[in-house]
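Participant: Generate coordinates for the sequence data below:
(one chain, ligands or ions: 2)
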Amino acid sequence: MRQGLVVQGLSKSFKGAPHPALEEFSLSLAPGSCTAVLGPSGSGKSTLLRTVAGLEIPDRGSVLLDGQDLATVRPERRGMAMVFQRPLLFPHLNVLDNVAFAARIRGVPRRRARADAESFLELVQMQGTGRRAVTGLSGGQQQRVAIARGLAARPAVLLLDEPFSALDPELRSAMHELLSHVREQLNPMVLMVTHDRDEASAVADQLALISEGTLLQHSSVEAMYTRPVSLQVSRLMGGTN
Ligand code: ADP
Ligand code: MG
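Facilitator: Ligands and ions are numbered 1, 2, ... in the order given. All right, here's what the predicted structure looks like:
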């Protein structure tokens with residue numbers, strides 16, 4: 001049964017850091033929702049995503065997907081896909097095989113994996129580029145391929161860590177449309193880090209504001225601006241970037 005993603009009391013400290021990267025951090029995502037994570041640099045946004053993805057082991061707390069505690073579930077089996085600011089594509093594989101990679105390592109036969117990859121390339125409007133070298137693509141095209149590769153694993157949760165911030169503004173709004181298209185087609189939960197409040201408002205239905213590893217407010221975009229729970233929230237939401 002679909003219950004969504006529940007993050008409960010996550011704490012994570014790194015040696016030598018001035019404050020915990022995450023402290024008693026709790027957050028729930030409803031099925032099909034898109035939450036943008038905002039907060040100052042160093043506030044724990046990437047650590048949150050990495051911990052949810054299983055790339056970081058929390059000191060305390062848990063991550064539950066549809067009621068299942070993921071503590072012992074390895075990253076590649078969590079039903080999550082993560083996309084970073086810089087697309088990490090395999091330079092020695094062409095576009096199609098980059099997208100087909102996840103299916104291939106799961107043992108899906110090459111033909112089926114490739115046919116599947118083709119349909120995900122179409123979803124990100126990169127159809128017909130399968131045989132091209134990834135090194136010849138623009139930054140925006142590479143990011144589309146990275147998203148297609150993530151989606152090819154059919155994740156329940158899409159984790160995006162500043163996925164569009166290296167792209168120029170025009171390309172960025174095209175990527176916002178792409179994301180809403182992906183949501184309509186596949187309906188994953190989306191947790192997306194951005195430092196751009198306008199981007200957050202454009203793509204997300206919920207905002208989560210984080211500071212020094214602590215969740216300050218999680219609410220609708222509108223409520224974040226019109227009903228901040230504290231002076232700190234209104235300062236962070238109202239100030240210049
Ligand atoms: P953000 O993504 O919001 O900029 P991060 O999650 O990257 O923040 O970092 C949160 C805090 O944890 C920062 O103080 C950062 O220096 C620290 N930190 C993150 N990853 C590591 C690491 N691997 N080793 C040591 N400190 C880290
Ligand atoms: Mg970060």
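
Participant: can you pull out the helices in this protein?
Facilitator: For the chain, applying DSSP state H gives helices covering 45-53, 95-105, 110-123, 139-152, 169-186, 197-203, 221-226, 231-238.

Participant: rounded to a whole number, what's the mean pLDDT of the longest one?
Facilitator: Helix 169-186 shows a mean pLDDT of 92.

Participant: Once you drop chain neighbours, what's closest to Ser234?
Facilitator: Spatial nearest neighbour of Ser234, excluding adjacent residues (CB to CB, 6 or more residues apart in numbering): Pro228 at 4.0 Å. All C-beta atoms are positioned from the backbone trio N, CA, C, and that covers glycine.

Participant: who in this structure is up against ligand 1?
Facilitator: Phe14, Ala17, Ala21, Gly39, Ser41, Gly42, Ser43, Gly44, Lys45, Ser46, Thr47 (CB under 6 Å from any ligand atom).

Participant: which pair in those residues spans the largest distance?
Facilitator: Phe14 and Gly39 (16.7 Å; CB to CB).

Participant: Comparing these two, which shows the higher neighbour count?
Facilitator: A count of neighbours by other CB atoms under 10 Å puts Gly39 above the other of Phe14 and Gly39, at 21 against 10.

Participant: if I pick that one, what's in contact with it?
Facilitator: By CB atoms under 8 Å, 6 or more residues apart in numbering, the contact set of Gly39 is Lys45, Leu209, Ile210, Ser211, Leu236.

Participant: residues touching the fourth one, list them.
Facilitator: Okay, so that is Ser211. So Ser211 contacts Gly39, Pro40, Ser43, Gln232, Leu236 (CB under 8 Å, 6+ apart).

Participant: filter those residues to the buried ones?
Facilitator: Neighbour counting by 16 or more other CB atoms under 10 Å classes Gly39, Ser43, Leu236 among the contacts of Ser211 as buried.

Participant: Reformat those residues as a markdown table; add distance to ligand 2 and pLDDT.
Facilitator: A markdown table is the format used below for the buried ones among the contacts of Ser211 (distance: CB to the ion, whole Å; pLDDT from 0 to 100):
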| residue | distance to ligand 2 | pLDDT |
| --- | --- | --- |
| Gly39 | 9 | 97 |
| Ser43 | 9 | 96 |
| Leu236 | 16 | 94 |
